[in-house]
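> Let me see the structure of the following:
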Amino acid sequence: MPDMYATQALTDLVPLAEELDKNKVTPGVLGFIVFAALAVGVWLLMKSMNRHMGKVDFEEAPDPDAVAEAPVAAGSAKRK
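Numbering: from 1, shown residues only. This next block holds a predicted model:
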């Protein structure tokens, strides 16, 4: 019996397929679903990245040249 339904569906859809322009290609519903799924995936990845970047807490190591000059800049240099 399932074959009968498939055959009936194909015979009903054949006239609809002939009405389409054979020179025009469109992505259709499947293309939209794939694009929407990719967009949702990218949105979720960006949301996850923002959450993980918010957890990052680090202190940058001081520049060795800046450390040597720091006392001079702090006012401990000799005055004339």
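> any idea how far A37 is from A61?
Distance, A37 to A61, using Cβ to Cβ, to the nearest Å: 43 Å. Where C-beta positions appear, they are placed from N, C-alpha and C, glycine not excepted.
> what about these two, which has more around it?
Taking other Cβ atoms under 10 Å, A37 and A61 do not tie; A37 has more neighbours (10 against 7).
> Against L30, how distant is the more buried one?
Applying Cβ to Cβ, the value for A37 to L30 is 11 Å.
> do P62 as well
Counting by Cβ to Cβ - P62 and L30 are separated by 56 Å.
> any idea of the pLDDT on A74?
On pLDDT, A74 comes in at 53.
> cool, the one 3 residues further on as well?
A77 is assigned 53 on the pLDDT scale.
> and if you look at E60?
pLDDT recorded at E60 is 83.
> burial of F58, as a residue count?
5.
> Check the secondary structure at it for me.
coil (DSSP: H, G, I helix; E, B strand; the rest coil).
> do you know how far it is from N50?
17 Å.
> Quick check: mean pLDDT of the helix or strand hosting K47?
According to DSSP states H and E, K47 maps onto helix 28-55. Helix 28-55 shows a mean pLDDT of 96.
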